[in-house]
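1. Here is a sequence together with a model predicted from it:
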Amino acid sequence: HTHPKEQQQRESQQTIIESSFMNLSRMSSAILRATPLPTTGPYPTLDPFLFCVYHKDDYPADESGGKMETIFPGNGADFNPDAPYRMYHGEKVPGFPQHPHRGFETVTATMAGLIDHADSTGNAGRYGEGDVQWMTAGGGVVHGEMFPLVHSDKPNHLRLFQIWLNLPARSKMAKPSFAMFWSPDVPVWKSEDGKCAVAVWAGDYFGNNKGQDDDDDVQNNSPPPDSWAANPENDVAILHIIIRPGGKMIVPKANSKNGQVNRTMYLIEGQNNNNGVKVDGKVLNEKVYLELDATKDFPIELQSSSDSTDSTDSTNDNTDDIIQTEFLLLQGKPINEPVAQHGPFVMNTRSEIQEAFMDYQRTEFGGWPWPRDDMIFPKDKGRFALIDGKETRPSGSSTDNENKDEL
């Protein structure tokens, strides 16, 4: 039974939320514009972000006798959006064999599945299931990102975002670095009723420095030292928001006081249900890209399926559990510098791009120290990170862990 004091606290919190929703409804909208998302390729982004792609691949169980390969080889450039999965630039193992980068950072945030990373500095890892990997390419690094079919007893579902965050001119030639934030250490906020959750992949939001309870100390995973996100004044945030039917929450305005922050949000899952999700009062029924006024709080609300007259499956008691809606929010102070990009290199001028190609041809950014271009690790290796010669693992790591792909 719920203690009367706990019940009173919950009712008080609900009253505060309802009051906040009413107050926000009387204000001008935080949505500046809404645009349908492209069906293929990367999503549009605003400075300081350069690139954002959502990978969702239903890879089958391994049938290659432990080689972690697909039965049907790829053609080296498989990005078919209509297929159940893509091989990308992989031939036998899906993924992206060794390739160079210079001048920016990659943030790879996972929801399901496993990724094998290897790079020219000798760093490596297998991560996924909610882990976040942050790599500063800086002056130049070669890396590979492969999606081995580790499981032979069940499908190898993969869901992740890869996000490119630009570096300012002063940091473009920084020393490459690599950081791994294991899933148990990624701050996650949950509403009292359990219908809303926010994974804080980056940024000082939703109590990521301090949990909801006084004794629940949640540490923020610090970005690499040369990152644009390392300075709190740049107010960089990367948030994965999940709402189940009946859920209500408020996304707070940016911490920055000067208003010079770009904020975008992407509706990535759940848009086809009959209820429609409301963002700042606007009903969304398709995958969209929202540009937002970062100086304003805004509410998100998903109607309970039990309230919908259009429900198509009244016999399923678990309808609410399978129609959750998901968003990605990207935010940051713009760098406001010229961007010159060609393939894997992002600099400020065309001459710097030419210099990057010449440097790579001459030095290979340190060379490739691994025995294969599509480097993968032993099937039973488990999740690990090898950074500067030191190997670490998440607590309780196992390749047989369930995917942390839900509230």
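-> Perfect, thanks for sending it. Numbers count the residues shown, from 1 in each chain.
2. Sketch out the strands for the stretch 101-250 of the chain, chain order is fine.
-> Using DSSP state E, counting those that start in this stretch, the strands of the stretch 101-250 of the chain run over 104-112, 114-119, 124-128, 132-136, 141-146, 156-166, 177-181, 188-190, 196-202, 237-243, 248-251.
3. can you pull the pLDDT of the nearest residue to Gly138 once chain neighbours are set aside?
-> The shortest distance from Gly138 to any non-neighbouring residue, by Cβ to Cβ, 6 or more residues apart in numbering, is to Ala174 (3.7 Å). To be clear about C-beta, it is placed using only N, CA and C from the backbone, and glycine gets the same treatment. With respect to pLDDT, Ala174 scores 97.
4. residues near the residue nearest to Gly270 when sequence neighbours are not counted, how many?
-> In space, and not counting its chain neighbours, Gly270 is closest to Thr325: 3.2 Å by Cβ to Cβ, 6+ apart. Neighbour count for Thr325, taken as other Cβ atoms under 10 Å: 23.
5. Same check on Lys287?
-> Using other Cβ under 10 Å, the number of residues around Lys287 comes to 18.
6. what about the closest residue to it other than its chain neighbours, distance to Tyr43?
-> Excluding the flanking residues, the one nearest Lys287 by Cβ to Cβ, 6+ apart is Leu37, at 4.2 Å. The gap separating Leu37 from Tyr43 is 6 Å, by Cβ to Cβ, to the nearest Å.
7. do the same with Pro245
-> Pro245 sits 25 Å away from Tyr43, going by Cβ to Cβ.
8. more crowded one of the two?
-> Between Pro245 and Tyr43, Pro245 has the larger neighbour count (other Cβ under 10 Å), namely 24 against 20.
9. shouldn't the more buried one be in contact with Val277?
-> No: at 9.5 Å, Pro245 does not count as touching Val277 under the criterion of Cβ atoms under 8 Å.
10. Pull up the overlap in contacts between these two.
-> Leu302 (Cβ atoms under 8 Å, 6 or more residues apart in numbering).
11. on that earlier part again, which residues are common contacts for Leu37 and Tyr43?
-> With Cβ under 8 Å, 6+ apart as the test, Leu37 and Tyr43 both reach 266, 289.
12. Nearest residue to Tyr360 in space, please, no chain neighbours.
-> In this structure, Tyr360 finds its nearest non-sequential neighbour in Pro100, 5.1 Å apart by Cβ to Cβ, 6+ apart.
13. From Val339, how far off is that neighbour?
-> 18 Å.
14. between these two, which one's more packed in?
-> Each of Pro100 and Val339 has its neighbours counted (other Cβ under 10 Å); Pro100 has more, 19 against 14.
15. Could you list everything the more buried one pairs with in the sheet?
-> On the basis of DSSP bridges, Pro100 is bridged to Val142.
16. which stretch among the strands of the stretch 101-250 of the chain comes nearest Asp57?
-> In terms of Cβ to Cβ, the element of the strands of the stretch 101-250 of the chain nearest to Asp57 is strand 156-166, at 4.5 Å.
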